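Participant: I need the structure of the sequence given here:
(2 chains)
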Amino acid sequence: MRIARRIWREIPVWGLVLPSLFLFIVFSWQPLISGLYLSFFKTKGYRAEQYVGIRNYVEVIQNSEFQQTLINTFSYVVWSLTIGFALPIVIAIIVNELVHFKSFFKFSIYFPVIVPGIAAAMMWMFMFEPGDGGLLNMLFGKIGLGPYPWLQDPGWSIPLIVVTMTWKSFGGSVILYLASLQGVNRELYEAAALDGAGVAQRVRNVTIPQISSIIGIMFILQIIGVFQVMYEPLTMTEGGPSNSSMSLMLQSYFYAFRYFDAGKSMAIGSMTFMILLVLTFVYFRVNRRSD
Amino acid sequence: MNANYNGIIGMHDIKLPHIKLLYWTMFFAMLAVAAVCLFPPVWLLLSSLKDVKEFFAIPPTIVPRSFEVDKIVSTWRDYRFLTIYGNTLAVTGGTLVSTILFNGVTGFVLSRLKPLGSGVLMTLVLWTMLLPNTVGMVGVFKNLVHFPILGLNLTNSFWPMWLMAGG
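Facilitator: Below is the predicted model of the structure:
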């Protein structure tokens, strides 16, 4: 009886949430479900034509470039973690320490975040122009280093795209880490200094453990985010010389908006979703076990 | 400047010579980082003032030798930037209102009032955030053309972006 009365009392509260819920269902939840549903159909334009079971999935996997695309996407994640995971942490710690010009540094670090994504990608594409016309080649030329092919080189296309992505987004991460660093108790540092810890030891034993929870969250968010990269490869290399910078989501985009095969597009999307689901699950499992 | 070192490097540390070296090395490293951050967009802005020939010159220059404001003016007029800015402002404003209105209320409800079943909703929202949304792109388009229940056609208006912010 109590439960029924509680439900009755709670109805107006749910009413408050109802518009949001409706929008959420319409714009997030239902497209996801219908996307999954569509992936099992042969589609013409955007309408389902004929049930084909997992044929879309099979055709996508059997595509000769799929294996390379899969490897590429993981490669993006690995490069992104190598280049761009420790960097914001290091910079945040440094900026937190500095006393002179702190605001100027905070501003200049956040500046790339303000630049619109596609504009930043195009700007870097310009800078990476091979031959003597590119800006970077010109700057390097002044020190005497030869012109580089940059993005034309299949081996370098992914790392360079990751550099662009890092440039754009490390500012946001730095600000997050800075906020978290401010919350570290000053007395811990003094205690460590009294105990005779040098600067490096203080960083290792006080700073890092204190912000370890946000480091963990940023780690999984970065993996999930970079896994779905699409805008940078699209603008800068369109899949790269000989397919060297194609990512899963970019392939999905091509299927949907270039080949107009929505079924295959959804198939790739669903597979990406599954992989991410597994990765997230594994991550939370590992996290829980270490607690 | 009254320097107040109170982080990992404390007031006592900074007096040591090797700590001083470390500090100023970090400072100049940050200057380099700041330069890398600021240089590309600034270069872009400067380039927009150059005339066409110098823009494509090989090797490219940094400080513009030519100064043509006409280029900016004509681009502004050709692409009707005022309209674009106006549109962007409208989208931003509507999104702001939509976000505060819908998400703010939802956040309040989920965290404070905690009605029955809010845990379910919370988890649902969380998982949708974590996972890819390109799967939903086509579906969203279909929904926009044929809005459920109300059956309106929402293309050619600002409403899709405003409403998506609420979702």
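
Participant: the helices in the stretch 101-250 of chain A, which residues?
Facilitator: In the stretch 101-250 of chain A, helices defined by DSSP state H, counting those that start in this stretch lie at A:102-114, A:117-127, A:135-143, A:154-182, A:186-194, A:199-202, A:208-210, A:212-227, A:231-236, A:248-257, listed in chain order.

Participant: Point out the other helices and strands that the longest one packs with.
Facilitator: Packed against helix A:154-182 by the contact rule (3 or more Cβ pairs under 8 Å, 6 or more residues apart in numbering or on different chains; DSSP states H and E) you find helix A:66-84, helix A:86-97, helix A:102-114, helix A:117-127, helix A:212-227, helix A:231-236, helix B:17-48. C-beta: built from backbone N, CA, C; applies to glycine.

Participant: One more: the second one?
Facilitator: Taking 3+ Cβ pairs under 8 Å, 6+ apart as contact, the helices and strands that helix A:117-127 lies on are helix A:135-143, helix A:154-182, helix A:231-236, helix B:17-48.

Participant: Now tell me what touches that helix from outside.
Facilitator: Applying Cβ atoms under 8 Å, 6 or more residues apart in numbering or on different chains, the contact partners of helix A:117-127 are A:112, A:115, A:134-136, A:151, A:163-164, A:167-168, A:231-232, A:235-236, B:40-41, B:44.

Participant: so where's the chain uncertain?
Facilitator: As the question left the chain open, I've gone with chain A. In the prediction, chain A carries residues with pLDDT under 70 at positions A:1, A:6-7, A:10, A:13-14, A:26-27, A:29, A:43-48, A:131-133, A:289-291.

Participant: meant chain B, my bad for not saying
Facilitator: Low-confidence segments of chain B (pLDDT under 70): B:1-3, B:49-71, B:76-77, B:79, B:110, B:112-119, B:124-167.

Participant: if you set the cut-off to 80 instead, what comes out?
Facilitator: Residues of chain B that meet the criterion pLDDT under 80 lie in B:1-15, B:43-87, B:91, B:94-95, B:98-167.

Participant: could you pull out the helices for it?
Facilitator: B:17-48, B:52-55, B:69-78, B:81-98, B:105-108, B:118-130, B:137-145, B:159-166 (DSSP state H).

Participant: Return the set of buried residues in the fourth one.
Facilitator: If you call a residue buried by 16 or more other Cβ atoms under 10 Å in any protein chain shown, then helix B:81-98 has these buried ones: B:94-95, B:98.

Participant: One more: the longest one?
Facilitator: Neighbour counts over helix B:17-48 (16+ other Cβ under 10 Å) mark B:19, B:22-23, B:26-27, B:30, B:33-34, B:37-38, B:40-41, B:43-44, B:47 as buried.

Participant: For A:Gln182, see how far away the closest residue to chain B within chain A is.
Facilitator: Closest approach of chain A to chain B (Cβ to the nearest Cβ) occurs at A:Pro31, with a separation of 2.7 Å. Taking Cβ to Cβ, to the nearest Å as the measure, A:Pro31 falls 39 Å from A:Gln182.

Participant: that older thread, among the helices and strands packed on helix A:154-182, which is the most enclosed?
Facilitator: Mean neighbour count, computed with mean count of other Cβ atoms under 10 Å in any protein chain shown, is highest for helix A:231-236 among the helices and strands packed on helix A:154-182, reaching a mean of 21.

Participant: Which neighbouring elements make contact with it?
Facilitator: Applying 3+ Cβ pairs under 8 Å, 6+ apart, one finds that helix A:231-236 contacts helix A:117-127, helix A:154-182, helix A:248-257.

Participant: From the buried residues of helix B:81-98, pick the one nearest A:Thr82.
Facilitator: Taking Cβ to Cβ as the measure, B:Thr95 is the one of these closest to A:Thr82, at 35.0 Å.

Participant: And the contacts of stretch A:68-86?
Facilitator: Looking at stretch A:68-86 with Cβ under 8 Å, 6+ apart, the contacting residues turn out to be A:158-159, A:161-163, A:165-166, A:169-170, A:218-219, A:222-223, A:226-227, A:229, A:243-249, A:251.

Participant: What's the PyMOL syntax to select whichever of those residues are buried?
Facilitator: Applied in PyMOL, the following selects the buried portion of these according to 16+ other Cβ under 10 Å:
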select buried, chain A and resi 158+159+161+162+163+165+166+169+170+218+222+223+226+227+229+243+244+245+246+247+248+249+251
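
Participant: tell me the contacts of A:Glu129?
Facilitator: Taking Cβ under 8 Å, 6+ apart as the criterion, A:Glu129 is in contact with A:135-137, A:150.

Participant: JSON lines for the helices and strands packed on helix A:154-182, including distance to B:Val105?
Facilitator: Converted to JSON lines, those look like this (distance: least, Cβ to Cβ, whole Å):
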{"stretch": "helix A:66-84", "distance to B:Val105": "36"}
{"stretch": "helix A:86-97", "distance to B:Val105": "33"}
{"stretch": "helix A:102-114", "distance to B:Val105": "28"}
{"stretch": "helix A:117-127", "distance to B:Val105": "30"}
{"stretch": "helix A:212-227", "distance to B:Val105": "26"}
{"stretch": "helix A:231-236", "distance to B:Val105": "31"}
{"stretch": "helix B:17-48", "distance to B:Val105": "37"}
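
Participant: Of those, which is nearest A:Gly53?
Facilitator: When the helices and strands packed on helix A:154-182 are ranked by proximity to A:Gly53, the top entry is helix A:66-84, at 18.5 Å, counting by Cβ to Cβ.

Participant: Can you report how many residues neighbour the nearest residue to B:Ile8 once chain neighbours are set aside?
Facilitator: Sequence neighbours aside, A:Arg202 is the residue nearest to B:Ile8 in space, at 5.1 Å (criterion: Cβ to Cβ, 6 or more residues apart in numbering or on different chains). Counted by other Cβ atoms under 10 Å in any protein chain shown, the residues lying close to A:Arg202 total 23.

Participant: now the one 3 residues further on
Facilitator: By the criterion of other Cβ under 10 Å, A:Asn205 has 14 neighbours.

Participant: Is it correct that A:Glu49 falls within a helix?
Facilitator: No: A:Glu49 is assigned strand when assessed by DSSP: H, G, I helix; E, B strand; the rest coil, not a helix.

Participant: Break chain A into its domains for me.
Facilitator: A:2-38, A:66-245 (automatic domain parsing).

Participant: Make JSON lines out of those domains and add distance to B:Met122.
Facilitator: Shown next, in JSON lines, are the domains of chain A (distance: least, Cβ to Cβ, whole Å):
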{"stretch": "domain A:2-38", "distance to B:Met122": "11"}
{"stretch": "domain A:66-245", "distance to B:Met122": "17"}
